[in-house]
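Undergrad: need coordinates for the below:
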Amino acid sequence: MTLPKEEHSVEKEQKNSKPRHKAWIRYAEDRRLEDCAANLAVFISRCKTEREAVLWLLEEARKIGSPLEEPSSVKPGDVLYMPWKNRAFLAARIGTRPLAEGFRLIGSHLDAPRIDLKVQSLYEDSGLALFDCHYYGGIKKYQWTNIPLALHGEVHLKGGETLRLAVGEAPEDPVILIPDIEPHLDRDMEKRKASETILGENLDAIAGHRPLLGAEKDHVKAQVLQLLENTWKIPEEALVSADLCLVPAGPARNAGLDGSLLTSYGLDDRICAWLSWEAFISLDIPEYTSIFMGVDKEEIGSDGVAGAQAPLLDIFLSDLFEKTGAGAPSYGALRKSCAAAEALSADVDAGVNPLYKDAYDPRQLPVAGDGIAFLKGSGSRGKYMGSEARGEFLAKVLERLDRDEVPWQVASLGKVDKGGGGTIAKYLAHLGMDVLDMGPCLLSMHAPWELVSKADLLACLDAYRAFWKNA
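TA: Model prediction:
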């Protein structure tokens, strides 16, 4: 929702301006620029749910390491990994220092706003079969109508078999749409708030229209059910336990006439997951054990079995203590290790949109192409429900970035009392870690298609490498 317009002082902005395009100055001639964007585009186009991201990470981790449960002991440089409930993923490269002295962690989240199918997901009305849906995460609901959507997810059958779906991505695939009402029939539209333009219960999507002749009732629904079973081997009763959602259809694309930006669904926050993974696999033997973590459910509060509040990190660390020869750790030993640890919450921030400048504090503007952005404190309305990095830790992190000449900038989530938001940082801080939010800034965050500067991708990649490699 666009914030109310306020008087904007151009002179005030110019007085507080600073040199721009730092990331482009640093990376414009860097041969990695287009390769980085292209490789990210492959990942982000393939992995549109947290489950797909975990499967991709598991596939990549097998090339460089071992499952956590396999080796009885490890040495510095070894990589161990642990998928968690098929919705989160952790990996560690063992360092030369013992875990009791702490570790270095970069954590991101693998989920993104989307449209979920409800448990009883299919019904018929007015000659159409529709999916009954519920939106997931913070979205502007009107942005999700009348755009091509793809059906992604898993269907869990009796006996433990899982069927995976991604319908709507191939050029020959049909797509799914959530229909809006015509302006001709919506004359009172101007009277409604933007948040009321589309009601949550009206985010149902068209699943089919052809009737199954001869069916006893619900002829169109019957046809869709027959299609599901014949084409994808999905019986009707399996829909109850299925994890299915609708996401924007189509691959990531270059944006701008000069192709200087990348646009895709799910840049928040799988962009940081991929970049931190790329930084992780490039490490040599680190001084401190380096941990990669990708979790679920950040967009709805980090709850659930695979969110940042779940016990996955404690379990992972406990096994790492044993594998490195320290024995089973006590509760106190785990807490002391976390208290000595340093972490980055690898998450994106809102880049300034020149069409809506009044939403931003002109002295705290993260700008596309200016490098990686750090958010010292999150939360809203008096920093409530947020996290704030200690200044000592922030200074230490920025020193590492400067050592590697990584361009960085200050981030914020809008003006006081008008913006705000949270990340997984506060849940890492609950464990005693020093933690800082750091990632690239996006345009159109949480929209079906988001945008990022290609130069900022390299700044982010180099920043994560600098954090891990520089003690």
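
Undergrad: quick one, what contacts the closest residue in space to D204 that isn't next to it in sequence?
TA: With CB to CB, 6 or more residues apart in numbering as the criterion, D204 has its nearest non-adjacent residue at 4.6 Å, and that residue is L130. The way it works is simple: take the backbone N, C-alpha and C, and place the C-beta from them, glycine included. Contacts for L130 (CB atoms under 8 Å, 6 or more residues apart in numbering) come out as 122-124, 204-207.

Undergrad: assumed L130 was part of a strand.
TA: Yes. Secondary structure of L130 (DSSP: H, G, I helix; E, B strand; the rest coil): part of a strand.

Undergrad: quick revisit: farthest-separated two in the contacts of L130?
TA: Greatest spatial distance in the contacts of L130: E124 and A205, 13.4 Å, computed using CB to CB.

Undergrad: picking that back up, beta-bridge partners for the residue nearest to D204, please?
TA: Y123, I206 (DSSP bridges).

Undergrad: distance-wise, check it relative to P179.
TA: 9 Å (CB to CB, to the nearest Å).

Undergrad: where do the contact lists of those two overlap?
TA: In contact with both L130 and P179: I206, using CB under 8 Å, 6+ apart.

Undergrad: how about A41, nearest residue that isn't a chain neighbour?
TA: A252 (3.8 Å).

Undergrad: no wait, K297
TA: G307 is the one closest to K297 (CB to CB, 6+ apart), at 3.7 Å.

Undergrad: can you check L312 too?
TA: Closest to L312 by CB to CB, 6+ apart is W84, at 4.5 Å.

Undergrad: from what I can see the one you found touches G304, true?
TA: No. Using CB atoms under 8 Å, W84 makes no contact with G304, being 11.3 Å away.

Undergrad: which neighbours do those two share?
TA: A310.

Undergrad: for the contacts of L130, give me TSV that also has neighbour count.
TA: Output for those, formatted as TSV (neighbours: other CB atoms under 10 Å):
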residue	neighbour count
L122	20
Y123	16
E124	19
D204	20
A205	22
I206	16
A207	25
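
Undergrad: which single one of those is nearest to R32?
TA: A205 (39.5 Å).

Undergrad: about what we covered before: how about the residue nearest to L312, what does it touch?
TA: Contacts of W84 (CB under 8 Å, 6+ apart): 90, 306, 310, 312.

Undergrad: relative to K141, how far out is the third one?
TA: Taken as CB to CB, the spacing of A310 relative to K141 amounts to 29 Å.

Undergrad: ok, which stretches of the protein are helices?
TA: 10-15, 22-27, 32-46, 50-61, 219-232, 267-281, 312-323, 331-339, 391-403, 425-430, 454-469 (DSSP state H).

Undergrad: return the member of those helices having the minimum mean pLDDT.
TA: Lowest mean pLDDT of the helices of the chain: helix 10-15, a mean of 41.

Undergrad: state the distance from the residue nearest to D204 to L257.
TA: 39 Å.

Undergrad: so for A310 and K141, which sits in the more crowded spot?
TA: Ranked by neighbour count (other CB atoms under 10 Å), A310 and K141 place A310 first, with 21 against 18.

Undergrad: I figured that one hits M293, correct?
TA: No. Contact criterion CB under 8 Å: A310 and M293 do not qualify, at 11.3 Å.

Undergrad: list the residues that contact both of these two?
TA: A88.

Undergrad: need the contact list for E299.
TA: Contact analysis of E299 by CB under 8 Å, 6+ apart lists 109, 111-113, 136-138.

Undergrad: closest to S72 out of the helices of the chain?
TA: helix 312-323 (7.5 Å).

Undergrad: buried residues in stretch 148-160?
TA: By neighbour count on 16 or more other CB atoms under 10 Å, the buried set for stretch 148-160 is 149-155.

Undergrad: spit out the contact partners of D404.
TA: 462, 465-466, 470.

Undergrad: which of those residues tops the neighbour count?
TA: D462 leads those on contacts (other CB under 10 Å) with 24 neighbours.

Undergrad: bridging residues for the closest residue to G369 other than its chain neighbours?
TA: Nearest residue to G369 in three dimensions, chain neighbours excluded: S453, at 4.5 Å (CB to CB, 6+ apart). Under the criterion DSSP bridges, S453 forms beta bridges with L261.

Undergrad: S453 against I372, yeah?
TA: No. Look at S453 against I372 with CB under 8 Å: they stay out of range, at 10.8 Å.

Undergrad: now the common contact residues for those two.
TA: P440.

Undergrad: re earlier: mind putting the contacts of D404 into JSON lines with distance to L443?
TA: Shown next, in JSON lines, are those (distance: CB to CB, whole Å):
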{"residue": "D462", "distance to L443": "22"}
{"residue": "R465", "distance to L443": "25"}
{"residue": "A466", "distance to L443": "25"}
{"residue": "N470", "distance to L443": "30"}
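
Undergrad: and those, which two are the farthest apart?
TA: So, the contacts of D404 by CB to CB: farthest apart are D462 and N470, at 11.4 Å.

Undergrad: now V452: how far from C460?
TA: 9 Å.

Undergrad: now do the shared contacts for the two.
TA: 271, 440.

Undergrad: next, the buried residues of stretch 38-50.
TA: Quick answer for stretch 38-50 (16+ other CB under 10 Å): 40-41, 43-45, 47-50.

Undergrad: can I get that stretch as CSV, trimmed to CA atoms?
TA: The C-alpha trace of stretch 38-50 is given here as CSV (Å, rounded to 0.1, in the frame of the first residue of the first chain):
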residue,chain,number,x,y,z
ALA,A,38,23.0,-16.4,-14.7
ASN,A,39,23.7,-19.2,-12.1
LEU,A,40,21.4,-17.6,-9.6
ALA,A,41,18.7,-17.4,-12.2
VAL,A,42,19.0,-21.2,-12.8
PHE,A,43,18.6,-21.8,-9.0
ILE,A,44,15.8,-19.3,-8.4
SER,A,45,13.9,-20.6,-11.4
ARG,A,46,14.2,-24.2,-10.3
CYS,A,47,13.6,-23.8,-6.6
LYS,A,48,10.3,-22.0,-6.0
THR,A,49,9.5,-23.7,-2.7
GLU,A,50,11.5,-24.4,0.4
